[in-house]
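S.K.: quick one, what's the 3D model for this:
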Amino acid sequence: MLHRTASFAMGTRFELLLAGRDRAHARAAAEGALAIIEECDARYSRFRSDSLLSRINREAGRAWVRVDPQTFELLAACAAFQRITDGAFDICVGRPMDLLRESAQDRGGERLLEAGAFELEERTSCVRFTRPGTLLDLGGIAKGHALDLAVDCLSQSGIECAFLHGGTSSVIALGAPDELPRGWKVDLGAEFHGATADLKQRSLSLSAARRRPNAQDSSQGAAHVLDP
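M.R.: Sure thing, here's the model as predicted:
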C-alpha cells in the first residue's frame, strides 16, 4: 500500500510516497520528513526575507556570520563542489541569476556578471563574502539537500521503502516496492525522448535548459543554467 503526502516549499511541490501497511506509522514518518523539508525552506530560500540565507546575503559582506553546523557543512560541500568542477557549480551566482530573471531577453552564453566569492571559518562555523556584490543562491543544491535529510528521517523512523521528489526535478528512491524489483520507475520526460530510469537506493536530479517565462513578456525568457 502506498501512502502519499505533499507540501509546498522552496517554490515547488514536494511529494512523498511511502510503502507499508501501517498507515498511522507512515503518516507520522511522512510528517516528520516534511517538517525537515519546510525547515530547509525557512533556512535556504532566497525569496524569504526571514531566511538564514537572506541574512547571510545581507550581512556577510560586512562581517563574519555564524551559522548552524548543518548549514556550515552544506556551504563547505558547495565550496568543495566548486573546486572539483572548476567553477561549473557555483552558489555565488545570485546577482547573475537576478539579471536573468529580470531580463526580457535570453542572454545566452554572455557573461552577465562575475560570480561572487565567500570563505568559511571552521572553528567558529562562520561565513563571509570576499568579493563585493556577492549573493548566494542555493537553487542548484537546496532541494536535493532537503530530500537527503528527509530520507534520513524516514530511515530513522523505520521506513524502508519510499519515493520522494521536489518539483519532479530532484528525486530519491529508498528501497523499492515488491512489484518493482529493479526500482521505482521514473519517466525523464519529452526532453529525454521518453527515456526512463529505475531508481533503488539512488537519487536523480535534472535541470532543464529550456527558457523560463519572463514576468514582463511571457514569450521571452532566459535559461536558468549558467555557463561560467
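S.K.: D178 should be in a strand, yeah?
M.R.: No. Using DSSP: H, G, I helix; E, B strand; the rest coil, the secondary structure at D178 is coil, not a strand.
S.K.: tell me how far it lies from L136.
M.R.: Between D178 and L136 the computed distance is 43 Å (Cβ to Cβ, to the nearest Å). C-beta coordinates here come from the backbone N, C-alpha and C atoms, glycine included.
S.K.: what of S157?
M.R.: Going from S157 to L136 by Cβ to Cβ gives 32 Å.
S.K.: who has more neighbours out of these two?
M.R.: L136 (23 against 16; other Cβ atoms under 10 Å).
S.K.: contact partners of the helix ranked longest in the chain?
M.R.: Counting residues, the longest helix found in the chain (DSSP state H) is helix 23-44. Contact partners of helix 23-44, identified using Cβ atoms under 8 Å, 6 or more residues apart in numbering, comprise 1, 3, 5-7, 9-10, 14, 16, 18, 20, 48, 50-53, 71, 74, 138, 142, 145-147, 149-151, 153-154, 157-159, 164, 166.
S.K.: equivalent analysis for stretch 85-99, please.
M.R.: 46, 57, 75, 78, 81-82, 107, 112-113, 115-118, 131, 133-141, 224, 226, 228.
S.K.: what do you get if the cut-off is 7 Å, keeping everything else the same?
M.R.: Residues outside stretch 85-99 that contact it (Cβ atoms under 7 Å, 6 or more residues apart in numbering): 46, 57, 78, 81-82, 112-113, 115-118, 133-138, 140, 226, 228.
S.K.: tell me how far it lies from the chain's centre.
M.R.: Relative to its chain's centre, stretch 85-99 lies at 14 Å (Cα atoms, centre = their mean, to the nearest Å).
S.K.: would you mark the buried spots in that stretch?
M.R.: By neighbour count with 16 or more other Cβ atoms under 10 Å, stretch 85-99 contains the buried residues 89-97.
S.K.: re the thing from before, and the average pLDDT for the longest helix of the chain is what?
M.R.: The average pLDDT within helix 23-44 is 94.
S.K.: repeat that for stretch 170-185.
M.R.: Mean predicted lDDT for stretch 170-185 stands at 93.
S.K.: flag every buried residue along that stretch.
M.R.: Neighbour-count burial for stretch 170-185 [16+ other Cβ under 10 Å]: 170-177, 180, 183-184.
S.K.: from these, which ones fall inside strands?
M.R.: Using DSSP state E, the members of the buried residues of stretch 170-185 that fall in strands are 170-174, 184.
S.K.: ok, of those, which one's closest to V127?
M.R.: Among these, S170 lies closest to V127 (Cβ to Cβ), at 24.0 Å.
S.K.: residues in contact with the closest one?
M.R.: Shown in contact with S170 (Cβ under 7 Å, 6+ apart): 143-144, 147, 205.
S.K.: where along this protein do the strands fall?
M.R.: Under DSSP E, the chain gives strands at 2-9, 12-19, 65-66, 118-121, 126-129, 162-166, 170-174, 184-187, 196-199, 202-205, 211-213, 221-223.
S.K.: output the ones you listed in CSV; the columns should cover distance to A29.
M.R.: Converted to CSV, the strands of the chain look like this (distance: least, Cβ to Cβ, whole Å):
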stretch, distance to A29
strand 2-9, 9
strand 12-19, 7
strand 65-66, 32
strand 118-121, 33
strand 126-129, 33
strand 162-166, 8
strand 170-174, 11
strand 184-187, 17
strand 196-199, 20
strand 202-205, 19
strand 211-213, 34
strand 221-223, 38
